[in-house]
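Peer 1: Build me a model:
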Amino acid sequence: MKITKGTIIRTIMLVLVLVNLILKRTGKPILEIQEGTVASFVETVIELGTIIVAWWENNSFTQNARKADDYLKKLNTTN
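Peer 2: Below is the predicted model:
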């Protein structure tokens, strides 16, 4: 059992968004956007959307969680 690619990608995206959010709040944004209020709003929506999507999925990191996922898959395939 191993961690899925989707879990890794979502976690990386989450970390990138959180780092950008923290840097933006401290006045040092990674993504320099000078287009004003609308651009800032769009950026915030994208960041929040990425956070929600990143953890919407079942991100199983521990061995027990991955075993539980496999058990659930077996239960669902027998029905």
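Peer 1: any idea what residue 3 is structurally, helix, strand or coil?
Peer 2: Put simply, residue 3 is coil when judged by DSSP: H, G, I helix; E, B strand; the rest coil.
Peer 1: List the contacts of it.
Peer 2: Taking Cβ atoms under 8 Å, 6 or more residues apart in numbering, we find residue 3 in contact with 60-61, 66. From N, CA and C alone the C-beta is placed, and that goes for glycine too.
Peer 1: Other residues contacting the helix or strand of the chain with the lowest mean pLDDT?
Peer 2: Least confident helix or strand of the chain, by mean pLDDT, DSSP states H and E, is helix 37-56 with a mean of 76. Identification of contacts with helix 37-56 by Cβ under 8 Å, 6+ apart yields 10-11, 13-14, 17-18, 20-21, 31, 33.
Peer 1: what comes up buried for stretch 8-26?
Peer 2: 10, 14, 17, 20-21, 24 (16 or more other Cβ atoms under 10 Å).
Peer 1: Dump those residues to JSON lines, plus distance to residue 54 and secondary structure.
Peer 2: Below are the buried residues of stretch 8-26 laid out as JSON lines (distance: Cβ to Cβ, whole Å; DSSP: H, G, I helix; E, B strand; the rest coil):
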{"residue": "10", "distance to residue 54": "4", "secondary structure": "helix"}
{"residue": "14", "distance to residue 54": "4", "secondary structure": "helix"}
{"residue": "17", "distance to residue 54": "8", "secondary structure": "helix"}
{"residue": "20", "distance to residue 54": "13", "secondary structure": "helix"}
{"residue": "21", "distance to residue 54": "13", "secondary structure": "helix"}
{"residue": "24", "distance to residue 54": "18", "secondary structure": "helix"}
